[in-house]
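Peer 1: Got a predicted model here, sequence first, then my questions.
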Amino acid sequence: TPAPEDGVLPSGFYGTTHHPTFVFLKGRWREVRDIEMDCVVVISGVTAVCRRQGVVRKGDRIVVGFDGVRVEPPQRSRSPADIFGFMSSQVSPEKPIKYLIRDLALEMKKIHDRNGFIIHVMGTAMVHTGADEALQDLARMGYVQALFVGNGFAVMDVEKQLFGTTLGMDKKTGKVLKSGYKSHLVAINEITRAGGLRQAVRKGVLKSGVLYECVKKDIPFVIGGSLRDDGPLPDTITDVMRAQDEMRRHVRKADMCIICASMLHGIAVGNMLPSRVKTVAVDINPYVVTRLQDRGTTQALGLVTDPALLLPHLAAEIKSLEGITDRSSGKT
């Protein structure tokens with residue numbers, strides 16, 4: 001049925017899930033491209049494409065009802081050796097985290113070795129607690145293909161490289177420094193003066209950090225804004241729907257998504273992910289992990305533990321698998 005107006009859907013439109021979906025069109029079943037939950041199916045010729053309501057235009061042919069629509073939820077392995085297997089997604093703080101980290105590292109290496117695509121969604125706590133160094137290691141080793149963060153993460157990452165603090169807290173001692181309360185504003189100012197993060201790296205203003213590694217390794221990053229942002233940084237996308245669409249460009253290539261200490265960004269990205277994408281949600285608060293799954297990301301493996309401790313262990317496991325020498329200890 002044609003859409004009556006821009007952004008207006010016909011009555012009885014079919015609402016999508018994030019599972020592989022097919023429509024019977026021109027005598028055969030055709031898979032719907034770019035599938036995600038809470039969207040609609042637009043037909044163009046013999047092509048079926050998933051689209052969010054806001055980009056639907058008057059006259060677009062929208063699938064209505066359920067006839068001629070087939071959904072195929074992915075089968076999950078019942079093997080206990082499969083980290084993403086049967087019943088492994090139940091949220092509990094009593095899981096054997098050490099072994100799950102090892103299995104996760106092995107799964108990531110499989111994806112890495114076939115040139116797959118791993119997205120990392122990170123909250124500000126990952127910089128505040130020092131886990132950002134492990135994320136830099138993963139980026140250098142080629143285990144980060146896209147990074148999704150908020151303005152807060154990005155600002156803290158820059159502040160830490162310029163002043164050795166996050167929100168004025170010294171990264172070595174944990175003490176809040178005098179006048180440190182405005183260090184994040186100075187960091188925003190320096191990046192704005194340089195013209196943005198990429199320009200700051202080229203000009204030598206920003207010489208290290210997670211975003212520095214992204215720029216040097218040509219890793220795409222999306223910084224999504226929020227109402228509480230300071231600044232924000234020139235690279236922060238303050239139009240949330242535009243930020244969504246920018247994330248979608250990368251989500252469509254994803255084989256795995258790792259979400260650490262980020263409820264709002266985590267749920268937002270989770271809603272965009274097809275159920276085929278192996279998803280890991282890590283938070284010290286069980287509510288955050290449960291909420292992600294309750295919002296429809298049922299494929300997510302939920303780990304209730306401190307993500308600031310998990311990420312360094314994960315990076316260490318991958319270094320071991322890659323045979324990389326730890327220069328600080330001299331061990332291989």
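Peer 2: The structure has been received and is ready for your questions.
Peer 1: now the strands for the stretch 101-250 of the chain?
Peer 2: Taking DSSP state E, counting those that start in this stretch, the strands of the stretch 101-250 of the chain run over residues 118-122, 146-150, 165-166, 169-170, 221-224.
Peer 1: list the helices and strands the first one packs on?
Peer 2: Put plainly, it is strand 118-122. Counting by 3 or more CB pairs under 8 Å, 6 or more residues apart in numbering; DSSP states H and E, the packing neighbours recorded for strand 118-122 are helix 97-113, helix 132-141, strand 146-150, strand 256-260, helix 263-272. Heads up, the C-betas are built off the backbone N, CA and C, glycines and all.
Peer 1: low-confidence ranges in the stretch 201-332 of the chain?
Peer 2: Residue ranges of the stretch 201-332 of the chain with pLDDT under 70: 326-332.
Peer 1: Please enumerate the helices of it.
Peer 2: Under the criterion DSSP state H, counting those that start in this stretch, the stretch 201-332 of the chain contains helices at 210-217, 240-251, 263-272, 286-294, 307-322.
Peer 1: re earlier: redo the helices and strands packed on strand 118-122 as a markdown table? Include distance to V282.
Peer 2: Below are these laid out as a markdown table (distance: least, CB to CB, whole Å):
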| stretch | distance to V282 |
| --- | --- |
| helix 97-113 | 10 |
| helix 132-141 | 12 |
| strand 146-150 | 15 |
| strand 256-260 | 5 |
| helix 263-272 | 9 |
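Peer 1: Among those, show me which one is buried the most.
Peer 2: Among the helices and strands packed on strand 118-122, ranked by average contacts under mean count of other CB atoms under 10 Å, first place goes to strand 256-260 (a mean of 26).
Peer 1: so what strands line up beside that one?
Peer 2: strand 118-122 (parallel), strand 278-283 (parallel) (DSSP bridges).
Peer 1: hmm, back to that, CSV for the helices of the stretch 201-332 of the chain, including distance to E159?
Peer 2: CSV is the format used below for those (distance: least, CB to CB, whole Å):
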stretch, distance to E159
helix 210-217, 12
helix 240-251, 22
helix 263-272, 19
helix 286-294, 25
helix 307-322, 17
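Peer 1: nearest to T47, of the ones you listed?
Peer 2: helix 240-251 (17.4 Å; CB to CB).
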